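**Q** Got a predicted structure here, sequence first:
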Amino acid sequence: MHVVIIGGVAGGMSAATRLRRLSEEIEITVLEKGPYVSFANCGLPYYVSGEISERSALILQSPEQLKKRFNIDVHTETEALEIDRQAKNVRINAKGKEAVINYDRLILSPGAQPVVPEIEGLAQATNVHTLRNVPDVDKIVEAVKQEQPKQAVVIGAGFIGLEMAENLKKLGIDVTIVEAAPQILPPLDEEMAAFVEKELKRNEITVYTGAAATAFKDAGKTIELSTGEIIKSDFTILSIGVKPSSELAQNAGLEIGLRGGILVDESYRTNDPDIYAVGDAIVVKQQITGEDALISLASPANRQGRQVADVIMGGARKNQGSIGTAIVRVFELTAASTGLSERQLRNDKLDYKVVHTTSKSHAGYFPGSHPIVMKLLFHPVSGKIFGAQAVGADGVDKRIDIIATAIKAGLTVTDLPELEFTYAPPFGSAKDPVNMIGYAAANILEGFSESIQYYELNAAIENGALLLDVRNPDELKNNGALPQAKNIPLDELRARLDEIPNQQEIIVSCQSGQRSYLAERILKNNGFTVKNLDGAFQLYSMIYPQEVIK
């Protein structure tokens, strides 16, 4: 059997090497359009700044190494031009020469390509770059070296855009980020992304949100925005997203689905039983909702490549779908998410509850601990976990990975407090942040707490609710106060219950939500109608800083 694989990065090379481990009998050919296979595209931004110092570190395997170790024929700079499904062959252009390769089974792993919109003057802009592969990063590094840009613009504030902004700033370049969405980092919800935007600004990066590039002037040196503003740029990175590289599949008559993604079944078969597809180019099932999705991440692509090899060799592997788990470092802050965001849940009209907590990355009494702000989304009756997000300087990856595992395992929020973790003061807490957010969610699920979100607060006050801030007076003086809030410190609350109207709904707040939960329980046990402001002053002031009273 001859298996031909189109695309030699994550999914394609995982399939090729797994096939060889399963059989020494089959013939395996990999066709890669670019000059390199098995390269670390997730590491490319860090090579720009020199944090990854050696270019060779990005090249994980060479065709020669793959031939020696796995007996795989790898052809770089070889573009697949056309698939003839009847003749079962692929017409290729190999370094300027056309040829035809026959196959018994064909695996498509063409990946995704940067979205390049039609913008006035973009074609004439000589200083605009995209980043997807090693040749792209070579051009960027050479351009920075030769042109010595002083001002750079990154258009798009997704994961790659933020990584590029950080690494360009580390080179001493003034960086501006332009994002068409109302917030940066669209996979996160507004209030969680606000922490990342604050970190960008702390590092003197200018951020425009709700602004799209509408025209490039002066060969790209001037960029006009949809807001009417004009910014200067010596060097521009276009990073507004990716789309499936599915043209070859579409031209071959294979079925195409969501936003151009290749449609496959649970065994990665296309509508041609001898052609399979994996990686960023395929439509997958969002495992939580069962809806079609495009999830362009390295981990699912590697898993899919391995599984499709098993299927071709007679295994019964099934694609269970993906939940979308991702992380980004932005200077001293880490942001990560898994599963569905609140925005997605709202758009899908799913019933959900939200809880935010702030906990330490390890025992607070041990030096070096940092706060982790976490957000958990779950079903209000079953406790099914829909998703989670976290931001912090340390330990974010560990906590989001745990919750991603919990989602995959079908655990509920009431299972999170039951999870047992290693504990010693340098590493964690006796009550880990995952345990704590599980306790908080269980309190809501079981009726011990009723929360209100930051975006619901103003309407609740307008409808007659009393906002009660239980922080200490020094905190209000130093950090600011919420508008219209009555202040009674938590430790004085029991002695001052007569100051609180018992015929009025009370909304309690503190700095992060923990003390206000204690106040909620005190008041409820004394007959008051109470809700807890989830995330409290910390979240509200992050989104509405102009309303905070100093």
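**A** In hand now; what should we look at? Numbers count the residues shown, from 1 in each chain.
**Q** From now on I want contacts and neighbour counts done on CA atoms only, so please keep to that.
**A** OK.
**Q** what about the residue lying closest to Y540 once chain neighbours are set aside, distance to F427?
**A** Distances taken as C-alpha to C-alpha, 6 or more residues apart in numbering place Y454 nearest to Y540, at 5.4 Å, with adjacent residues excluded. Using C-alpha to C-alpha, to the nearest Å, one gets 32 Å for the distance from Y454 to F427.
**Q** Compare these two (neighbour count), which wins?
**A** Y454 (20 against 15; other C-alpha atoms under 10 Å).
**Q** and the more buried one, how far is that from F386?
**A** Counting by C-alpha to C-alpha, the separation of Y454 from F386 is 20 Å.
**Q** Show the contacting residues for the closest residue to F427 other than its chain neighbours.
**A** The shortest distance from F427 to any non-neighbouring residue, by C-alpha to C-alpha, 6+ apart, is to H362 (5.4 Å). The contact partners of H362, taken as C-alpha atoms under 8 Å, 6 or more residues apart in numbering, are 369-370, 425-429, 432.
**Q** H362: what secondary structure?
**A** Look at H362: counting by DSSP: H, G, I helix; E, B strand; the rest coil, its state is coil.
**Q** Which secondary structure elements does the helix or strand where Q538 lies sit against?
**A** Secondary-structure assignment from DSSP states H and E places Q538 in helix 536-543. In terms of contacts (3 or more C-alpha pairs under 8 Å, 6 or more residues apart in numbering; DSSP states H and E), helix 536-543 is packed against helix 190-202.
**Q** Report the mean confidence score over the helix it packs on.
**A** Regarding helix 190-202, the rounded mean pLDDT is 98.
**Q** sorry, back to before: what's the helix holding Q538 in contact with?
**A** Taking C-alpha under 8 Å, 6+ apart as the rule, helix 536-543 contacts 190-191, 194-195, 454-455, 482, 509-513, 516, 547-548.
**Q** Next, find the distance separating L340 from V328.
**A** L340 is 17 Å from V328, by C-alpha to C-alpha.
**Q** wait, Q304
**A** 23 Å.
**Q** Who has more neighbours out of the two?
**A** Shown here are Q304 and V328; by other C-alpha under 10 Å, Q304 has more neighbours (28 against 19).
**Q** In a helix, the more buried one, correct?
**A** Yes. Under three-state DSSP, Q304 sits within a helix.
**Q** What residues does it make contact with?
**A** By C-alpha under 8 Å, 6+ apart, the neighbours of Q304 are 11, 15, 278-279, 319.
**Q** Of these, which one scores lowest on pLDDT?
**A** Out of those, that is N319, at 94.
**Q** Leaving out sequence neighbours, find the closest residue to that residue.
**A** Among residues not flanking N319 along the chain, E266 sits closest, at 4.9 Å (C-alpha to C-alpha, 6+ apart).
**Q** neighbours of the one you found, just the number please.
**A** E266: 14 neighbours (other C-alpha under 10 Å).
**Q** so where do the helices sit in the stretch 351-500 of the chain?
**A** Ranges of helices within the stretch 351-500 of the chain are 396-409, 433-445, 457-462, 473-479, based on DSSP state H, counting those that start in this stretch.
**Q** what's near enough to touch the closest residue to R399 other than its chain neighbours?
**A** The shortest distance from R399 to any non-neighbouring residue, by C-alpha to C-alpha, 6+ apart, is to V434 (6.3 Å). By C-alpha under 8 Å, 6+ apart, the contact set of V434 is 399, 402-403, 416-417.
**Q** A40 too?
**A** With contacts taken as C-alpha under 8 Å, 6+ apart, A40 has the following neighbours: 58-60.
**Q** Now do it against L60, distance only.
**A** Relative to L60, and taking C-alpha to C-alpha, A40 is found at 7 Å.
**Q** got it, and Y36?
**A** 9 Å.
**Q** what's the answer for L188, then?
**A** 31 Å.
**Q** cool, I237 as well?
**A** 25 Å.
**Q** sorry, back to before: could you check the angle the helix holding Q538 makes with helix 190-202?
**A** Orientation check (axes from the mean of the first three to the mean of the last three C-alpha atoms, to 10 degrees): helix 536-543 against helix 190-202 gives 60 degrees.
**Q** What count of nearby residues applies to the nearest residue to E82 once chain neighbours are set aside?
**A** Of all residues not flanking E82 in the chain, R91 sits nearest, at 5.1 Å (C-alpha to C-alpha, 6+ apart). For R91, the tally of surrounding residues (other C-alpha under 10 Å) stands at 16.
**Q** Let me know the helix or strand that R91 is in.
**A** strand 89-94.
**Q** and the host helix or strand of V178, which residues are buried?
**A** Using DSSP H and E, V178 maps to strand 174-179. Using 16 or more other C-alpha atoms under 10 Å as the test for burial, strand 174-179 gives 174-179.
**Q** what does stretch 210-219 give?
**A** 211-217, 219.
**Q** so, if you compare those residues, which one comes nearest to G257?
**A** Nearest to G257 among the buried residues of stretch 210-219, counting by C-alpha to C-alpha, is A212 at 27.3 Å.
**Q** Test my guess that that closest one contacts L225.
**A** Yes. The pair A212 and L225 qualifies as a contact (C-alpha atoms under 8 Å) at a distance of 5.4 Å.
**Q** where does the residue most central in space within the chain fall, helix, sheet strand or coil?
**A** For the chain, the residue nearest the mean C-alpha position is A326 (3.9 Å; C-alpha atoms, centre = their mean). Three-state assignment for A326 (three-state DSSP): strand.
**Q** i'd like the first residue to be 859 from this point on
**A** Right, with 859 as the first residue, what we last looked at is A1184.
**Q** Model confidence at it, what's the number?
**A** According to the prediction, A1184 has pLDDT 97.
**Q** What distance do you get for it to K1101?
**A** Remark: distance between A1184 and K1101 (C-alpha to C-alpha) = 18 Å.
**Q** Which residue is the nearest non-sequential neighbour of S911?
**A** Here the residue nearest S911, using C-alpha to C-alpha, 6+ apart, is Y905, at 6.3 Å.
**Q** and the one you found, that's in a strand?
**A** No. Going by three-state DSSP, the assignment for Y905 is helix, not a strand.
**Q** Show the contacting residues for it.
**A** 911-913, 995.
**Q** Scan those residues and report the most crowded one.
**A** Busiest of the contacts of Y905 [other C-alpha under 10 Å] is V995, holding 21 neighbours.
**Q** I'd assumed L902 was in contact with that one.
**A** Yes. Contact criterion C-alpha under 8 Å: V995 and L902 qualify, at 6.4 Å.
**Q** what pLDDT, on average, does stretch 889-897 get?
**A** The model assigns stretch 889-897 a mean pLDDT of 94.
**Q** my guess is G1371 meets L1391, correct?
**A** Yes. Here G1371 reaches L1391: they are 6.7 Å apart, a contact under C-alpha under 8 Å.
**Q** so how many other residues sit close to the residue nearest to E1048 when sequence neighbours are not counted?
**A** The shortest distance from E1048 to any non-neighbouring residue, by C-alpha to C-alpha, 6+ apart, is to Q1041 (6.4 Å). Residues contacting Q1041 under the criterion other C-alpha under 10 Å number 21.
**Q** cool, E1200 as well?
**A** Counted with other C-alpha under 10 Å, E1200 comes out at 24.
**Q** got it, and A1193?
**A** Neighbours around A1193, by other C-alpha under 10 Å: 28.
**Q** Only the buried residues of stretch 1105-1119, if you could.
**A** So, applying 16+ other C-alpha under 10 Å, buried residues of stretch 1105-1119: 1105, 1107, 1112-1114, 1118-1119.
**Q** then the strand holding R949 to PDB, C-alphas only?
**A** Only the C-alpha atoms of strand 947-952 are listed here, as PDB (Å, rounded to 0.1, in the frame of the first residue of the first chain):
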ATOM      1  CA  ASN A 947      -2.900  10.100  -8.400                       C
ATOM      2  CA  VAL A 948      -1.600  13.600  -7.500                       C
ATOM      3  CA  ARG A 949      -0.100  15.900 -10.100                       C
ATOM      4  CA  ILE A 950       2.800  17.800  -8.500                       C
ATOM      5  CA  ASN A 951       5.300  20.500  -9.200                       C
ATOM      6  CA  ALA A 952       8.600  19.500  -7.700                       C
END
